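> predicted model and sequence follow; I will ask about them next.
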Amino acid sequence: MRHLSLFSLLAALLWIVTAVQADDPARDLDRPGPTPELPPQQDRGKSQLPANNPEGPLVIPHRTRGHQVDLRHNRCMDCHGDQAPEEIRATPLPSSHLRDRDGKKHEGMSGGRQDCRTCHVPDHRTGQEAWGGH
Amino acid sequence: MRELLNHYWKLLRQPPVHLSLGLLSLGGFIMGIIFWGGFNTAMEYTNTEQFCISCHEMEDNVMAELQHTVHYNNRSGVRATCSDCHVPHEWTNKIGRKMEASKEVWGHLFGTIDTREKFEDKRLEMAQREWRRLKANDSLECRNCHAFEYMDLSEQAPMAQEMHHKALDTGEGTCIDCHKGIAHELPDMEDVPRWPEGWLE
């Protein structure tokens, strides 16, 4: 008898928990979506944008090991900054990156955007022509 | 004083009275070997990493930074040690550099860079000294390992190929012009050109 009441209590609790979870709109937020199954041609080919997020930040088509990004120096800006030589043909910093999150325009890159790799991630499949996967 | 010097000068000019020629020549020879060997061994010891990082200035700053780079840790396990890049390999220049280093001993004794803050304040000055040195000797210490003659440009990233071809064709520019901050962190580069001047548009 005692076991039965304990069991029913647990069952009730479980029911409540699942019911509450089912209503939670953020339930699947932390779970990764399924990896898209691309045909081999497309999978190995150039993908300028992350597959799941066509409006997301551009991916980095080259290695970034040892590229210093700190208060002293931002290595990315050697090639992508406005002082960079055109011959390097790096994607220039868009003017949106001169604005901070409040829309205020700054002289150089806005402070909150200094750490490039917070948004841009390296993807070695891209940029085969210019970088050969390096 | 003058008499004393005269006395020793005369003594030096006299042939030996008690010692045999064999002892003197052979003894001189052996003493020479011991002196020269000892001198070079001691100098080589000052070229070891163990010696360099016996000062905390080196161990806590530059050594710690080196450990994240490809010159310390990489897929093939070949690495560079301090003296490979910072001490000339050729004997005469090595002695010259060792004499310059006496100023670094001074700096250590008087704590010129004995805190991280002092080190950061001097970082640009120290970096510029090394860049100047490498620029002046055409990046000799880089080229001791990285020789254009044995470099397969086709194995490099296309952009690197292009730049290296340009360097070979024009004969201008040297490694350090572009490859700064490859083994230690860069200082504030506000006023430092990041590419050889007039080389790129």
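Sure, I can see it.
> for the chain, longest helix please?
Answering for chain A, as no chain was given. Of all the elements of type helix in chain A, the one with the most residues (DSSP state H) is helix A:2-23.
> I was after chain B.
Longest helix in chain B, counting residues (DSSP H): helix B:21-45.
> what is the mean pLDDT for that helix?
Along helix B:21-45, the predicted confidence averages to a pLDDT of 94.
> quick one: contacts for residue B:187?
By Cβ atoms under 8 Å, 6 or more residues apart in numbering or on different chains, residue B:187 lies in contact with A:72, A:73, B:123, B:124, B:127. Glycine gets a C-beta too; all of them are placed from N, C-alpha and C.
> now do 10 Å
Shown here is residue B:187, whose contacts under the criterion Cβ atoms under 10 Å, 6 or more residues apart in numbering or on different chains are A:72-73, B:120-128, B:180-181.
> give the rounded mean pLDDT of the longest helix of chain A.
In this model, helix A:2-23 has an average pLDDT of 75.
> in it, what counts as buried?
Residues of helix A:2-23 classed as buried by neighbour count (16 or more other Cβ atoms under 10 Å in any protein chain shown): none.
> please apply the same query to stretch B:100-118.
B:107, B:108, B:113, B:114.
> narrow the residues you listed to those in helices?
Assigned to helices by DSSP H, the following of the buried residues of stretch B:100-118 qualify: B:107, B:108.
> out of the buried residues of stretch B:100-118, flag the one nearest to residue B:75.
Distance from residue B:75 was checked for each of those by Cβ to Cβ. The minimum falls on residue B:113, at 33.2 Å.
> how about low-confidence regions in the chain?
Using chain A. Within chain A, the stretches falling below the threshold (pLDDT under 70) are A:1-2, A:17, A:19-22, A:25-55, A:124-134.
> let me rephrase: I mean chain B.
Per-residue confidence of chain B (counting by pLDDT under 70) places the weak regions at B:200-201.
> for it, list the residues in contact with chain A, please.
Counting by Cβ under 10 Å from any Cβ of the partner chain, the residues of chain B close to chain A are B:65, B:68-71, B:74, B:120, B:123-124, B:154-163, B:166, B:178, B:180-190, B:192-196, B:199-201.
> what about residue B:164, neighbour count?
If you count neighbours by other Cβ atoms under 10 Å in any protein chain shown, residue B:164 ends up with 16.
> got it, and residue A:62?
So residue A:62, with other Cβ under 10 Å, has 19 neighbours.
> not counting sequence-adjacent ones, nearest residue to residue 122?
Let's take chain A. Closest residue to residue A:122 apart from its sequence neighbours, by Cβ to Cβ, 6 or more residues apart in numbering or on different chains: residue A:60 at 4.3 Å.
> wrong one, chain B
What sits nearest to residue B:122 in space, not counting adjacent residues and going by Cβ to Cβ, 6+ apart, is residue B:113, at 5.4 Å.
> mind listing the helices for chain B?
Along chain B, counting by DSSP H, helices occupy B:2-13, B:21-45, B:49-52, B:56-57, B:64-66, B:82-86, B:91-100, B:102-109, B:116-136, B:140-143, B:158-170, B:175-178.
> revised request: answer the last question for chain A.
Counting by DSSP H, one finds helices in chain A at the ranges A:2-23, A:40-44, A:76-80, A:128-131.
> who are the contact partners of the most centrally placed residue in chain B?
The residue lying closest to the centre of chain B (Cα atoms, centre = their mean) is residue B:87, at 1.5 Å. If you count contacts by Cβ under 10 Å, 6+ apart, residue B:87 has them with B:43, B:46, B:47, B:52, B:81, B:93, B:94, B:97, B:98, B:101, B:141.
> run a quick neighbour tally on the nearest residue to it once chain neighbours are set aside.
Nearest residue to residue B:87, sequence neighbours excluded (Cβ to Cβ, 6+ apart): residue B:97, at 5.4 Å. Other residues near residue B:97 come to 14 when the count uses other Cβ under 10 Å.
> coming back round to it: what about the longest helix of chain B, distance to the chain center?
For helix B:21-45, the gap between its own C-alpha mean and the chain's C-alpha mean amounts to 26 Å (Cα atoms, centre = their mean, to the nearest Å).
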